[in-house]
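Student: this one's structure only:
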């Protein structure tokens, strides 16, 4: 008898349910196929279905021609050949899908013909003078119902973060319209951006800044704003969708402004090469790998990882050595969460400075659960350079480890590692 893994078995059962069997009927049928020929008690044991239900289900499968009784004392049953049963069902479904595809293709042709006809009839792109762009932006954004995409040049950001246009963004935000804004920083200046952070889904990219800005409303129309204030307004849905898609892709490879704000609170400035955006995350990761590898050749354990991490962060964040322990906790939290969205770190020092609590939560998927659990069980700390770096800073400040607590929230797929440190002077 060929053994099925639990995942294979459940997948087959789900597919049989798709073809009209109940869950218990599917379980019994799979068990019959695996056993070849069996008594009801054997089928019940193999399927996990209660014995009294198994008799009833076997009779139902027999009446549907999915199984047959082969006699004996006690009675035995045998599954009918799967292909004989299910191939006609699949062929019928395939025929139905082909007919549905033909209908959709016909509708698509009619739709495209109508779109082209409408586009030929409309003037979809025209230029707007500098004096009229603000009124047009206000009108466009006020009409937004679902989503507004903004790709704002740093040279225009103050125009959107103050005055009339900021008021428009606030009003649109109150209507629950989603506002996705991507921009750049120049010389670590985030103050104008921060004025919009509450009202928009704002992220920062590290590519070369554009001088133009782009606005797309509800995937249907928009505006390109030139560096001299002249605008190009378009109502062509295809152009709008294309630009919106590009802005959406760029936002997915950008960094939420929140991480830059957290970095500012931790260090009182934003270094130009802080490892928050993809470009500098990669550069810092390379430095960490080089530093950790060269140290680990000489000494084993977490101490070389701590030293290498500290050295790299001192290189990319010149203020690192002057930070207080509380500021370093904020810094490591910012770096870890910006690098790994599925991880969250929290740290606190009590009022008397007697105890420090560091907590790291990792959201996992079921496929990697065992590896993650074993990794944490063996190391008693999540072995990431930023976690190990903070651990080293806490110990160096005079707080030896007192206790480690590992909590597995299986329902939420979260593994939490909590470490308590007591000050030597207490």
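Tutor: Happy to help now that I have it. Since the model is a prediction, treat every value here as computed from it, not as a measurement.
Student: Strands of the stretch 201-350 of the chain, residue ranges please.
Tutor: With DSSP state E, counting those that start in this stretch, the ranges of strands along the stretch 201-350 of the chain come out as 201-204, 213-217, 221-225, 231-234, 255-256, 343-349.
Student: quick one, which of those strands is nearest to residue 153?
Tutor: For the strands of the stretch 201-350 of the chain, proximity to residue 153 was assessed by CB to CB; strand 213-217 is nearest, at 4.8 Å. Every residue, glycine included, has its C-beta placed from N, CA and C.
Student: Okay, now the sheet partners of the closest one, with direction.
Tutor: Partners of strand 213-217 in the sheet, by DSSP bridges, are strand 147-151 (antiparallel), strand 221-225 (antiparallel).
Student: Can you tell me which of the strands of the stretch 201-350 of the chain is most buried?
Tutor: Of all these, strand 213-217 carries the top mean neighbour count, a mean of 25, counting by mean count of other CB atoms under 10 Å.
Student: any idea how far that strand is from the chain center?
Tutor: Relative to the centre of its chain, strand 213-217 is centred 25 Å away, using CA atoms, centre = their mean, to the nearest Å.
Student: How about stretch 335-351?
Tutor: Counting by CA atoms, centre = their mean, stretch 335-351 is centred 17 Å from the centre of its parent chain.
Student: what residues does it touch?
Tutor: Here stretch 335-351 makes contact (CB atoms under 8 Å, 6 or more residues apart in numbering) with 255-256, 259, 275-276, 281, 325-326, 329-330, 332-333, 355-364, 382, 384, 386-387, 390.
Student: how about 7 Å then?
Tutor: Outside stretch 335-351, the residues that touch it by CB atoms under 7 Å, 6 or more residues apart in numbering are 255, 259, 275-276, 281, 326, 329, 332-333, 356-363, 384, 386-387.
Student: and if you look at stretch 308-326?
Tutor: By CB under 7 Å, 6+ apart, stretch 308-326 touches 267, 269, 271, 273-275, 284, 287-288, 291-292, 295, 331, 349, 385-386, 388-389, 392-393, 397.
Student: Where do the domain boundaries of the chain fall?
Tutor: Using automatic domain parsing, the domain parsing of the chain gives 6-80, 125-253, 265-422.
Student: what residues are up against the nearest residue to residue 332 once chain neighbours are set aside?
Tutor: Nearest residue to residue 332 in three dimensions, chain neighbours excluded: residue 390, at 4.2 Å (CB to CB, 6 or more residues apart in numbering). Counting by CB under 7 Å, 6+ apart, residue 390 touches 328-329, 332, 358.
Student: ok, and the most crowded of the residues you listed?
Tutor: Using other CB atoms under 10 Å as the neighbour test, the contacts of residue 390 are led by residue 332, with 26 neighbours.
Student: how much space between it and residue 201?
Tutor: For residue 332, the distance to residue 201 equals 25 Å [CB to CB, to the nearest Å].
Student: So which residues of the stretch 51-200 of the chain form strands?
Tutor: Taking DSSP E, counting those that start in this stretch as the criterion, the stretch 51-200 of the chain carries its strands at 67-71, 76-79, 125-128, 147-151, 178-183.
Student: Now list the buried members of the contacts of stretch 335-351.
Tutor: Among the contacts of stretch 335-351, the ones that count as buried by 16 or more other CB atoms under 10 Å are 255, 259, 275-276, 281, 329, 332-333, 356, 358-362, 384, 386-387.
Student: Grab the longest helix from the protein for me.
Tutor: helix 82-121 (DSSP state H).
Student: mind listing what's buried in that one?
Tutor: Those would be 85-86, for helix 82-121 by 16+ other CB under 10 Å.
Student: Stretch 174-182 now?
Tutor: Neighbour-count burial for stretch 174-182 flags 177, 179-182 (criterion: 16+ other CB under 10 Å).
Student: Stretch 9-26 now?
Tutor: Those would be 9, 12-13, 16, 21, 24-26, for stretch 9-26 by 16+ other CB under 10 Å.
Student: how long is it from one end to the other?
Tutor: End-to-end distance of stretch 9-26: 10 Å, with CA to CA, to the nearest Å as the criterion.
Student: Show me the contact partners of it.
Tutor: So stretch 9-26 is contacted by 27, 29-30, 49, 53, 57, 60-61, 86, 89 (CB under 7 Å, 6+ apart).
Student: tell me the two of those that are most distant?
Tutor: 53 and 89 (24.4 Å).
Student: picking that back up, please narrow the contacts of residue 390 to those residing in helices.
Tutor: Mapping the contacts of residue 390 onto helices (DSSP H) picks out 328-329, 332.
Student: Residue 381: neighbouring residues, count only.
Tutor: Residues near residue 381, counting by other CB under 10 Å, number 20.
Student: In a strand, it, correct?
Tutor: No: read with DSSP: H, G, I helix; E, B strand; the rest coil, residue 381 is coil and lies in no strand.
Student: Distance of it relative to residue 406?
Tutor: For residue 381, the distance to residue 406 equals 10 Å [CB to CB].
Student: likewise residue 170?
Tutor: For residue 170, the distance to residue 406 equals 45 Å [CB to CB].
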